[in-house]
Each structure stands twice: as C-alpha cells, then as structure tokens.
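Novice: Output the structure for:
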Amino acid sequence: MIPDLVIAGPLLFDEFSYIDPNKPPLHPGGSALYAALGASLLNVKIGLAAKIGEDYPKEILDNLSSRQIDLTGLKIIGPHTCRCNINMNRNGDRSYLYSKFYPSFEEVCLNPIDIPDIFMATKAFHISPFIYTNQINIL
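Specialist: Reported below is the predicted structural model:
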C-alpha cells in the first residue's frame, strides 16, 4: 500500500526528572509519534518510518496499528530505544539531554536508505525534526 502521508522521524523515550517522585519517569515520545497520532485523525493512509529498539512498547505499536498506521517503515536497530532525559523545574522550564547509555540521537536519525521504497511513492512527507543534513537527503 502506498501511503497518502509518510511521517519520518524519531521515536524515542522521554525520561522525565520531576519534582514529584510519584509520576512515572519514562514515556514513549518523539516528534514522529505525535505527528503520526495527529495525522491518524485525518482518515488518510499513513506510513511511519523510524528507528527503534526492541524495548519500544508493543502496546504503543499496537495502538498505532489500530489507527491504520503502516509500521513497515520501523527499523529495529538494537535492544534499546534512544532516550531523551528531560529535567523539569518547579516553573515548568525544561532542559534536554540525550542519554549516552542508549543509541544516540544521531544513530536514530533516518537516511533515505531507511525508508521503504513503497513509502517514497507517497503524495506527502512530514519530516519530523532531526539532523538537517539527513532531512535534506530524504527530500
């Protein structure tokens, strides 16, 4: 199936450091996840291209599939998914740091070879934020 829209970008874990220790620190995230969920409301065929680890939650992938999002563009790159540590202070200000113990942000950025050929025939791409030179190469 040729998607009407391809979402290309990172799926990762957001690891929050909260003031409130009762909040769970780890959340699926990444700009491609939010773009795909939003686009699923448009009632168009969507393809998702991203690099993930084996630890990416099956329930999230199942939820995306249930929204008719084609996941054939997901590439497993190893046991772990990239993690972004997000520190929040009492004012809601945030700082971001990618964990050195998991795949780096650079490792999860897509290249043209990472996108299935059938996705390249799409009518439209949404390229989520990642390394600029990789984005240009996809175009």
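
Novice: For the protein, which segments are assigned as strands?
Specialist: 5-8, 12-17, 26-29, 46-52, 69-76, 83-88, 94-98, 124-127 (DSSP state E).

Novice: could the ones you listed be laid out in TSV, adding mean neighbour count?
Specialist: Just so you know, the C-beta spots here come from the backbone N, C-alpha and C atoms, and that holds for glycine as well. Shown next, in TSV, are the strands of the chain (neighbours: other CB atoms under 10 Å):
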stretch	mean neighbour count
strand 5-8	26
strand 12-17	20
strand 26-29	16
strand 46-52	27
strand 69-76	17
strand 83-88	17
strand 94-98	12
strand 124-127	16
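
Novice: need the least confident one among the ones you listed, by mean pLDDT.
Specialist: Out of these, strand 94-98 stands lowest, with a mean of 68 (criterion: mean pLDDT).

Novice: if we can go back for a sec, need the strands of the chain in a markdown table with distance to Ala35, can you?
Specialist: Formatted as a markdown table, the strands of the chain follow (distance: least, CB to CB, whole Å):
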| stretch | distance to Ala35 |
| --- | --- |
| strand 5-8 | 5 |
| strand 12-17 | 13 |
| strand 26-29 | 12 |
| strand 46-52 | 9 |
| strand 69-76 | 11 |
| strand 83-88 | 16 |
| strand 94-98 | 18 |
| strand 124-127 | 5 |
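
Novice: right, so of the ones you listed, which gets closest to Cys109?
Specialist: strand 46-52 (7.9 Å; CB to CB).

Novice: just the angle between the closest one and strand 69-76, please?
Specialist: 20 degrees (axes from the mean of the first three to the mean of the last three CA atoms, to 10 degrees).

Novice: For Asp117, which of the strands of the chain is the nearest?
Specialist: Nearest of these (CB to CB): strand 69-76, 10.5 Å.

Novice: Need the residues that contact the closest one.
Specialist: 1, 3, 6, 8, 11, 36, 40, 45-54, 61, 64-65, 114-116, 118-119 (CB atoms under 8 Å, 6 or more residues apart in numbering).
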